[in-house]
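Colleague: Predicted model and sequence follow; I will ask about them next.
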Amino acid sequence: MSNHHQSDELPGNRRLIESDDFPIEFVSKLAEIESWRKEVYRPVYHIHKWWANRLGSVFRAILLGSALPESESLADAFYRKHDFSTLTVFDPFMGSGTTIGEAHKLGFTALGRDINPVACESVRVALGPLDRGALLQAFAQMSSGVGERIRNLYRTSDDEGHVCDALYYFWVKTLPCPACSQRVDLFPSCIFARNAYPDRKPEVRVCCPGCGVILSADVKDSHIDCAYCRLAFNPQQGPASGALATCQRCRHVFAIAKTAKALGRPPEHRLFAKLVLTSSDEKLYLPITPQDQCAYQRCSEELAHSNISLPTLELADGYNTRQVLNYAYRSWREFFNDRQLLALGWLHQAILELPDDAVRAAMLTTFSGALEFNNMFASYKGEGTGAIRHMFAHHILKPERVPIEGNVWGTSKSSGAFATLFRSRLLRAIEYRAAPFEAAVERVNGHSEGKRIYGASSPFSGSVSTRWPPKTTIKRGIFLSCGSSAATGLTAKTVDFVITDPPFFDNVHYSELADFFFAWQQLEPLPFTKNRPTTRHPEEVQDVSVKQFSAKLRVVFSECCRVLKEDGLLVFSYHHSRADGWTALADAVLEAGLSFVNCHPVKAEMSVAVPKSQAKEPIQLDMLLVCRKQPADKRGKQSVDVAIEQAIAHAKAKAARLQRCGLTLSATDRRVILIGQFLVEACPGRSAAQLSKVLSEKLAELDLAAHRLLEFPGDQILTHRAPQTDEQQLTLLK
């Protein structure tokens, strides 16, 4: 049964998301389930790579919490079909399109805008027309044509000389020793292949540094005697260690990046091993043969004489590109070897020749997604999981010293190949669009497991408009635009809710990394990528400078405040470990004319995600910050001490609720909860400068309180609203 909520019902009614009764436990349990397999539970947002891809379950909860009155049960409403066709949602930082897709499922009119054309193009394709039959037909034709041509590039032989397919080729970077000119392989260790679960399967593959033969060993072995060349060596060690390498001939130690930069070109690569798929469908590690070397050389020669279009975009200096520039990389084309360029160039050209616009766009997006797995920055994760670790696994452009080259078209057992991603990403997204489902938690043998609940949403319409600003809206309409959200062109006071996930300052600079994909997309006549020299833009909200970040975010939030109805809400997810990340945010929100009215900590990405798992005190929570226009916030100003006391009480209660539902909160998690709550309590009646000042002055006190946040059960302190007097508050806190 559908719920119909008209926009004229909303004024004067407090929404569920403004209440402390917003069920953070329910949302966090769903987030925990979805975070482990985001591409399974929400495949429509994972056709193409984007960074900080948020959880669909969380944003469905935000949308429902924003539209429903506080008397509603989110757990019940979550699995019902809704029709919010009279309400409009706007996301100024659209990214992968999570807000837009979830709003569409709930029947809202969805307006999405992003400054990055790579993001906009992937959302346009993911939510636009996708005909499964037409795509399968086109794929079959390509497979027998360009697919077979590419597969021929990866034909090799097994140890008995039988023709077979190469699954992966293994390369190692090399540099000449500055002292004696000997080529030095930049192996961090002699082990180049291990299982993803070494405790269960400890066997590893080792390349002998003496003769190059492939040996088997145990993952813990520290001594091997090569049976072929009699060399004794420690497989755990290699010529490269950290930023330095040691020449095996003269023992000279040199700096790797400095040596590459002095040469004026990136390190070269040496092909040393392969993993083949035999005629009996078995995997076999083998050393490279002279025939393999000749096959690669033929690719280089054919590439040199071909007329295929290849990327020309140069690398520009930036926070995320500086490392590769120090290795003397100068263009995005240098991220690929000759065989990859030849295969990708053929594939790209074949897709451009497809006659149907929608089919061609979907195939180009799949092609673009395959790029992150088919380059010389990808590495080998090992068997037992997806074998190729894509180039953005660490959110930086890290020159990989032992890169892996996958079979670009793919085999039945390939990872990251075009054919593999066509099935695992594109077809899976089409299935989800036809029959959307929601994640639910069920207990099985004492453990929480996910299950699928169908029927809570209508199928995706497959219709997207790029007409902007929209002149008229249609039921469940999706409208997308590429450009700065500092000036949207939208009519004032026409948006019911702004729901978004803004970028963090001093973090991943999306455009610097997105240019990797854009270098190829420049060659395509696509709506959002044409006529742009780069995805970088001076108004991108992404800066190392706190002042610049805050100023740019303020301008966007000011525009959101302008287009927001008087009774509308702006809700966004945010977390940051540094104090200036919060003062910058407070400045942006209050100077935009908005006020924090509540916040809710919920589970975010899985804690083992890279680089989250590498942090000493990782943040596993997002704060959902709920804002109204300042005139709509009727709360009065209170003293800083009372604001701190109320923030502690509310934060303690919310942290305890999360702890009781099974989350272990790090020190940084507790700090994030408390700072977010302090902004809510202290912002009424204060300017942005005043709020930032009191936050900075009281940070040490808040840090101490955050450390002690879980010393007492939260329900002994406060479950709803704190008393308003200092005396009552202090009595409870004692």
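Modeller: Arrived safely, thanks for sending.
Colleague: So Gly636, which state does it fall into?
Modeller: coil (DSSP: H, G, I helix; E, B strand; the rest coil).
Colleague: from memory it sits against Glu681, does it?
Modeller: No: here Gly636 lies out of contact with Glu681, judged by CB atoms under 8 Å, at a distance of 11.7 Å. For glycine as for every other residue, the C-beta is placed from the backbone atoms N, C-alpha and C.
Colleague: between these two, which one's more packed in?
Modeller: For Gly636 versus Glu681, neighbours defined as other CB atoms under 10 Å are more numerous around Glu681 (23 against 8).
Colleague: okay but that one is in contact with Gln646, surely?
Modeller: Yes: counting by CB under 8 Å, Glu681 does reach Gln646; the two are 4.6 Å apart.
Colleague: tell me, what's touching the two both at once?
Modeller: Gln638 (CB atoms under 8 Å, 6 or more residues apart in numbering).
Colleague: Neighbouring strands - and their directions - for the longest strand along the chain?
Modeller: Looking across the chain with DSSP state E, the single longest strand is strand 163-176. Sheet pairing for strand 163-176, assigned by DSSP bridges, gives strand 155-157 (antiparallel), strand 183-185 (antiparallel), strand 268-277 (antiparallel), strand 404-406 (antiparallel).
Colleague: Ranking the ones you listed by mean neighbour count, which comes first?
Modeller: strand 404-406 (a mean of 27; mean count of other CB atoms under 10 Å).
Colleague: next helix or strand past that one?
Modeller: The helix or strand immediately downstream of strand 404-406 is helix 418-421, counting by DSSP states H and E.
Colleague: for that following helix, packing partners?
Modeller: helix 357-371 (3 or more CB pairs under 8 Å, 6 or more residues apart in numbering; DSSP states H and E).
Colleague: And the helix it packs on, what's buried?
Modeller: Buried residues in helix 357-371, counted by 16 or more other CB atoms under 10 Å: 358-371.
Colleague: out of those residues, who's nearest Pro266?
Modeller: Pro266 has its nearest neighbour among the buried residues of helix 357-371 in Leu371, at 17.9 Å by CB to CB.
Colleague: Is Pro502 in contact with Tyr574, as I believe?
Modeller: Yes: under the criterion of CB under 8 Å, Pro502 lies in contact with Tyr574, with a separation of 6.8 Å.
Colleague: of these two, who's got more company?
Modeller: Legend: neighbour count by other CB under 10 Å for Pro502 and Tyr574, higher for Pro502 (23 against 19).
Colleague: Let me see the contact set for the closest residue to the more buried one other than its chain neighbours.
Modeller: Closest residue to Pro502 apart from its sequence neighbours, by CB to CB, 6 or more residues apart in numbering: Phe93 at 5.2 Å. Listed by CB under 8 Å, 6+ apart, the contact set of Phe93 reads Asp114, Ser485, Thr500, Asp501, Pro502, Pro503, Val541, Val556.
Colleague: Check Leu397 too.
Modeller: For Leu397, the contacting residues are Asn320, Thr321, Gln323, Val324, Phe377, Met391, Leu513, Phe516, by CB under 8 Å, 6+ apart.
Colleague: Pull out the buried residues from the residues you listed.
Modeller: For these, a burial check counting by 16+ other CB under 10 Å picks out Asn320, Thr321, Val324, Phe377, Met391, Leu513, Phe516.
Colleague: one step back: including distance to Arg562 and mean pLDDT, could the strands paired with strand 163-176 go into TSV?
Modeller: Output for the strands paired with strand 163-176, formatted as TSV (distance: least, CB to CB, whole Å; pLDDT from 0 to 100):
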stretch	distance to Arg562	mean pLDDT
strand 155-157	61	97
strand 183-185	59	97
strand 268-277	53	97
strand 404-406	48	97
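Colleague: quick one, longest helix in this structure?
Modeller: Counting residues, the longest helix in the chain under DSSP state H turns out to be helix 640-660.
Colleague: Are there helices or strands packed against that one, and which ones?
Modeller: So helix 640-660, by 3+ CB pairs under 8 Å, 6+ apart, packs with helix 24-36, strand 594-603, helix 667-682, helix 699-707, helix 726-733.
Colleague: which stretches of the stretch 1-150 of the chain form strands?
Modeller: Listed in chain order, the strands of the stretch 1-150 of the chain (DSSP state E, counting those that start in this stretch) span 3-4, 82-83, 88-91, 109-114.
Colleague: on that earlier part again, what comes up buried for the longest helix of the chain?
Modeller: Residues 640, 642-659 are the ones in helix 640-660 that count as buried (16+ other CB under 10 Å).
Colleague: Show me how far the longest strand of the chain is from its chain's centre.
Modeller: Taking CA atoms, centre = their mean, to the nearest Å, one finds strand 163-176 lying 28 Å from the centre of the chain it belongs to.
Colleague: Going forward, the N-terminal residue is numbered 408.
Modeller: Yes, from this point I'll number from 408; that puts the last item at strand 570-583.
Colleague: buried sites along it?
Modeller: Here strand 570-583 shows 571-583 as buried, counting by 16+ other CB under 10 Å.
Colleague: How about stretch 466-486?
Modeller: When neighbours are counted by 16+ other CB under 10 Å, the buried residues of stretch 466-486 are found to be 466-475, 479, 481, 484-485.
Colleague: Ok, stretch 880-887 next?
Modeller: Quick answer for stretch 880-887 (16+ other CB under 10 Å): Thr880, Arg883, Gly884, Ile885, Phe886, Leu887.
Colleague: model confidence over it, on average?
Modeller: For stretch 880-887, mean pLDDT is 92.
Colleague: what's in contact with it?
Modeller: Under CB under 8 Å, 6+ apart, the answer for stretch 880-887 is 492, 495, 501, 507, 511, 514-520, 527, 530-531, 534, 865, 868, 870-877.
Colleague: Mind checking which of those residues are in helices?
Modeller: Those of these lying in helices (DSSP H): Ile507, His511, Cys527, Val530, Arg531, Leu534.
Colleague: ok, of those residues, which one's closest to Asn559?
Modeller: Arg531 (34.0 Å).
Colleague: show me where pLDDT drops low in the protein?
Modeller: Residues of the chain that meet the criterion pLDDT under 70 lie in 408-419, 853, 912-914, 1013-1024, 1119-1141.
Colleague: one more time with 80
Modeller: 408-420, 791-793, 801-803, 850-855, 911-915, 932, 936-938, 950-951, 1012-1025, 1118-1141 (pLDDT under 80).
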